[in-house]
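Peer 1: What follows is a predicted structure for the sequence shown.
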Amino acid sequence: MGLRPHVQEARAVKQILHIFGEASGLRTNLAKCSITPIYGGEDSLEEIVSILGCQVQQFPIRYLGLPLSTRPIPKSHFQSVVEGVARKMPPCHGNLMARGGRLVWIKSVLRAVPIYAMMAENLPPWARKEIDGICRRFFWAGTDASVQGKCMVAWPTVCRPTELGGLGVSDLKLAGFALQTRWLWLQKTDQDRAWSELPIKTSPEVLGFFKASTYTLIGDGRQALFWEDRWVHGESISDIAPCLYQFVPPRTRRRQSVRQGLTDRSWVRCISGGVSLQAIHEYLNLWDILQDIPQ
């Protein structure tokens with residue numbers, strides 16, 4: 001009888017680590033490592049532990065300071081981010097600082113604390129509200145006391161850029177969108193990253209911001225998506241033919257490259273269903289536009 005897949009993989013991992021240690025002199029201390037079952041494998045867990053000699057840690061776990069979970073991130077994680085901002089408050093002399101000094105502290109220290117977490121996950125509204133409250137009280141009062149009657153302008157005004165009449169304090173919601181858009185940018189521009197072929201789950205706002213902020217210059221057409229990217233004179237197919245776009249299966253939209261779509265006009269065969277009169281009009285317009293693009 002053959003070994004179960006999980007046991008085979010455990011032995012292969014141990015052998016790989018042994019070969020790496022022999023070649024580099026950097027040996028892995030498996031006693032300080034841990035494994036976490038996510039989907040299945042519990043029946044082989046004891047045997048895997050005996051092979052690797054490591055610990056077992058239950059899922060969800062924290063990795064590089066961020067939670068890994070297949071379910072919504074628990075509130076306790078974001079609460080720790082809020083508490084981290086509160087700990088960065090000057091301990092005793094905040095009310096002795098000039099308001100300009102407090103502004104610098106907010107921009108460079110307090111607003112920097114949640115950046116790492118925002119790169120991976122949007123802060124929920126309650127967490128943004130609490131962090132804004134900490135910054136607002138510190139800015140207007142220098143302490144964590146009430147600022148009732150002390151605020152000269154509303155906090156959203158403070159968070160505007162200076163050219164729009166604000167003080168340049170970052171808006172946490174917009175900053176989160178920008179930070180997560182970076183992953184979509186790296187996925188398009190750096191194909192050597194191990195995760196570049198994986199689907200990245202983003203909010204509609206992030207995806208819309210990325211599409212509105214970028215366009216694609218076609219090379220061999222292998223990396224750009226035919227239906228999704230803005231490659232036709234700075235526009236996407238969904239911009240040129242929004243009605244026709246709806247008759248293309250979502251799986252095809254996410255996978256078909258420009259090269260694949262243009263080869264033998266294969267994009268035409270991706271359209272399915274009983275198209276409407278508007279879709280036919282957009283189809284003919286798109287056909288004319290793509291006539292001038294070399295295949």
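Peer 2: Perfect, thanks for sending it. Numbering: from 1, shown residues only.

Peer 1: now the helices: where do they sit in the stretch 1-150 of the chain?
Peer 2: 5-24, 45-52, 75-87, 99-105, 115-120, 125-141 (DSSP state H, counting those that start in this stretch).

Peer 1: Output the fourth one in PDB with nothing but the alpha carbons.
Peer 2: If I follow you right, that is helix 99-105. Taking C-alpha atoms only, helix 99-105 is exported to PDB below (Å, rounded to 0.1, in the frame of the first residue of the first chain):
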ATOM      1  CA  ARG A  99       0.000  72.300  17.200                       C
ATOM      2  CA  GLY A 100       2.400  72.200  14.200                       C
ATOM      3  CA  GLY A 101       4.500  69.600  16.100                       C
ATOM      4  CA  ARG A 102       1.400  67.500  16.800                       C
ATOM      5  CA  LEU A 103       0.600  67.600  13.100                       C
ATOM      6  CA  VAL A 104       4.000  66.300  12.200                       C
ATOM      7  CA  TRP A 105       3.700  63.600  14.900                       C
END
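
Peer 1: In terms of secondary structure, what does that helix contact?
Peer 2: helix 125-141 (3 or more Cβ pairs under 8 Å, 6 or more residues apart in numbering; DSSP states H and E). All C-beta spots, glycine's among them, are computed from the backbone N, C-alpha and C.

Peer 1: ok, now the last one?
Peer 2: Under the contact definition 3+ Cβ pairs under 8 Å, 6+ apart, helix 125-141 sits against helix 75-87, helix 99-105, helix 155-158, helix 172-189.

Peer 1: can I get the ones you listed in JSON lines with mean pLDDT?
Peer 2: Output for the helices and strands packed on helix 125-141, formatted as JSON lines (pLDDT from 0 to 100):
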{"stretch": "helix 75-87", "mean pLDDT": "87"}
{"stretch": "helix 99-105", "mean pLDDT": "89"}
{"stretch": "helix 155-158", "mean pLDDT": "90"}
{"stretch": "helix 172-189", "mean pLDDT": "88"}
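
Peer 1: quick one, which of the helices of the stretch 1-150 of the chain is nearest to G208?
Peer 2: helix 115-120 (17.9 Å; Cβ to Cβ).

Peer 1: can you pull the buried residues of the closest one?
Peer 2: Neighbour counts over helix 115-120 (16 or more other Cβ atoms under 10 Å) mark 117-118, 120 as buried.

Peer 1: Next, please give the residue ranges for the helices of the stretch 151-295 of the chain.
Peer 2: Using DSSP H, counting those that start in this stretch, helices in the stretch 151-295 of the chain cover 155-158, 172-189, 204-213, 237-240, 242-245, 250-255, 258-262, 277-291.

Peer 1: do you know which of those lies nearest P72?
Peer 2: helix 172-189 (16.1 Å).

Peer 1: Can you report how many residues lie near the nearest residue to A127 once chain neighbours are set aside?
Peer 2: The shortest distance from A127 to any non-neighbouring residue, by Cβ to Cβ, 6 or more residues apart in numbering, is to F78 (4.4 Å). Around F78 there are 22 other residues, counting by other Cβ atoms under 10 Å.

Peer 1: go on, C270?
Peer 2: Neighbours around C270, by other Cβ under 10 Å: 17.

Peer 1: same check, this time on S69
Peer 2: S69: 15 neighbours (other Cβ under 10 Å).

Peer 1: And it, how far from F139?
Peer 2: 34 Å (Cβ to Cβ, to the nearest Å).

Peer 1: for the residue nearest the centre of the chain, what are its contacts?
Peer 2: For the chain, the residue nearest the mean C-alpha position is Q180 (3.9 Å; Cα atoms, centre = their mean). By Cβ atoms under 8 Å, 6 or more residues apart in numbering, the contact set of Q180 is 118-119, 122, 202-203, 206.

Peer 1: Tell me where the model's unsure across the stretch 1-150 of the chain.
Peer 2: The stretch 1-150 of the chain contains residues with pLDDT under 70 at 1-5, 40-42, 92.

Peer 1: Adding distance to E228, write the helices and strands packed on helix 125-141 out as JSON lines.
Peer 2: Listed next are these as JSON lines, based on distance: least, Cβ to Cβ, whole Å:
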{"stretch": "helix 75-87", "distance to E228": "31"}
{"stretch": "helix 99-105", "distance to E228": "41"}
{"stretch": "helix 155-158", "distance to E228": "33"}
{"stretch": "helix 172-189", "distance to E228": "11"}
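
Peer 1: quick one, which of these is nearest to C33?
Peer 2: Taking these one by one with Cβ to Cβ, helix 75-87 is closest: 23.1 Å.

Peer 1: report the angle between the axes of the closest one and helix 125-141?
Peer 2: 10 degrees (axes from the mean of the first three to the mean of the last three Cα atoms, to 10 degrees).
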